[in-house]
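Chemist: prediction below, plus the sequence it came from.
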Amino acid sequence: MATIVVENLSRVFVSGGAKLTALENLNLTLEAGDVFGFIGPNGAGKTTTIKILATLLRPTSGTAVVCGHDVVQDPFAVRRSIGYMPDFFGVYDDIKVWEYLDFFAAAYKLPRNSRSSVIAGVLDLTDLKTKKEAYVETLSRGMKQRLCLAKTLLHDPPVLLLDEPASGLDPRARIEIRELLKELQTMGKTIIVSSHILPEMEEFCNKVGIIEKGHLIVSGEVKEIRQSVRGSMNVELRVAGDEELATAVLKRLSGVSLNPAESSAVTAGLEPIRFVYSGTPGSEHQVLTSLVTAGVKVLSFYSPATDLEEIFMKVTKGAVN
Ligand SMILES: Nc1ncnc2c1ncn2[C@@H]1O[C@H](COP(=O)(O)OP(=O)(O)O)[C@@H](O)[C@H]1O
Ligand SMILES: [Mg+2]
């Protein structure tokens, strides 16, 4: 079932007579259980999109439907279906962790008699049980982020909208957030999680979208994007002591381009010989055959998987920020 359907969504900001198109004709469909990594540099339009889905910002044109409810026609039904984590954590003085959660549980109109068990549940999930009586302002940034996530889970929404949940966290806290997201994924929630950093998304997102200057430039299943972007393939070759012969053979082959450093210097066997193969996909074995036939002692012939970072650089042509 499609839980999020966005069609031709646009948002224009007008300030001081100037018009700025923050989002232009965004289309996106997510199914229950999808974890969508929404990736793009600062100012790309991620927060604008998420705020529209969270009913906090009206679209200029286009539609967004969450769990069957239109964000403009039926914002209250949408709010019941979503947990929204904004990109900043507000300031809360003199309030304890459980009071904070109790306040939001009441705002979500959770029945009084079930509130304490629901709060205990989200504290457990976000690993904050021991902080129940702590004052919010004493928590580390990572804990605050987890508390904010705990808040979004109180009413057990099927959809989570998380705006840069890992931003500004140290590596350890990032890992904790990532583990938490994986757990939420196993619970079958539809999750949109934005980030301007790629590698941390690969592990748990089944879909990604890359947005730049208000345009979604690629979007879809991670594995399909990998395939479509990958017109050429990087290969790492290790040989037993005959690098010069190997590079000579490679230079003769069509569809092979050696990295400039490789074509002159001999790598002394420490570094692999790197080249790009842009022949027919699936026919790279012919390169290996040619090497072996010419007498090159091939130790390994390996193509590292294209990671999202590389895809990102390719589609945005390095025009990040
Ligand atoms: N309230 C606003 N008024 C005017 N411009 C805005 C407003 N909110 C966002 N923008 C602009 O819209 C663009 C997209 O911003 P945003 O959605 O926050 O990007 P991201 O979250 O990807 O960093 C930016 O150029 C930003 O300056
Ligand atoms: Mg943002």
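Modeler: Arrived safely. Ligands and ions are numbered 1, 2, ... in the order given.
Chemist: and the residue nearest to residue 193 when sequence neighbours are not counted, how many neighbours?
Modeler: Leaving aside its chain neighbours, residue 193 sits nearest to residue 162 (4.5 Å; criterion: CB to CB, 6 or more residues apart in numbering). No exception for glycine: its C-beta is placed from N, CA and C like everyone else's. The tally of other residues near residue 162 (other CB atoms under 10 Å) stands at 25.
Chemist: when you give positions from now on, start the count at 46
Modeler: Sounds good: first residue 46 from here, last item residue 207.
Chemist: for residue 207, what are its contacts?
Modeler: 130, 194, 197, 226, 236-239 (CB atoms under 8 Å, 6 or more residues apart in numbering).
Chemist: bridging residues for it?
Modeler: As for beta bridges, residue 207 partners with residue 130, residue 238 under DSSP bridges.
Chemist: from residue 105, how far off is it?
Modeler: Look at residue 207 and residue 105: by CB to CB, to the nearest Å, they are 24 Å apart.
Chemist: do the same with residue 150
Modeler: 35 Å.
Chemist: who has more neighbours out of these two?
Modeler: residue 150 (22 against 16).
Chemist: which of the three states applies to that one?
Modeler: Put simply, residue 150 is helix when judged by DSSP: H, G, I helix; E, B strand; the rest coil.
Chemist: could you count how many residues lie near the spatially closest residue to it that is not a sequence neighbour?
Modeler: Excluding the flanking residues, the one nearest residue 150 by CB to CB, 6+ apart is residue 160, at 4.7 Å. Neighbours of residue 160 under the rule other CB under 10 Å: 17.
Chemist: ok, residue 160 - contacts?
Modeler: Contacts of residue 160 (CB under 8 Å, 6+ apart): 147, 150-151.
Chemist: separation between it and residue 264?
Modeler: 39 Å.
Chemist: where in the chain is pLDDT low?
Modeler: In the predicted model of the chain, residues 243-245, 271-276, 305-315, 326, 350-366 satisfy pLDDT under 70.
Chemist: helices along that one, start to end?
Modeler: According to DSSP state H, the chain carries its helices in the segments 91-98, 120-126, 142-152, 157-170, 186-198, 216-231, 244-247, 267-274, 288-297, 305-309, 330-338, 353-361.
Chemist: hey, which of those helices is tucked in deepest?
Modeler: helix 91-98 (a mean of 23; mean count of other CB atoms under 10 Å).
Chemist: so which elements touch it?
Modeler: Helix 91-98 sits against strand 47-60, strand 63-76, strand 80-84, strand 106-111, strand 235-240, with contacts defined as 3 or more CB pairs under 8 Å, 6 or more residues apart in numbering; DSSP states H and E.
Chemist: what helices or strands is the third one leaning on?
Modeler: Right, the one you point to is strand 80-84. Against strand 80-84 (3+ CB pairs under 8 Å, 6+ apart) you get helix 91-98, strand 235-240, helix 244-247, strand 252-257, helix 353-361.
Chemist: same thing with the first one?
Modeler: Under the contact definition 3+ CB pairs under 8 Å, 6+ apart, strand 47-60 sits against strand 63-76, helix 91-98, strand 106-111, strand 235-240.
Chemist: quick one: residue 52 and residue 339, what's the gap?
Modeler: Taking CB to CB as the measure, residue 52 falls 56 Å from residue 339.
Chemist: near ligand 2, which residues of the stretch 46-195 of the chain?
Modeler: 91-92, 132 (CB under 5 Å from the ion).
Chemist: out of those residues, who's nearest residue 317?
Modeler: residue 91 (37.1 Å; CB to CB).
Chemist: contacting residues around that closest one?
Modeler: With contact set as CB under 8 Å, 6+ apart, residue 91 has these partners: 83, 85, 208-209, 239, 256.
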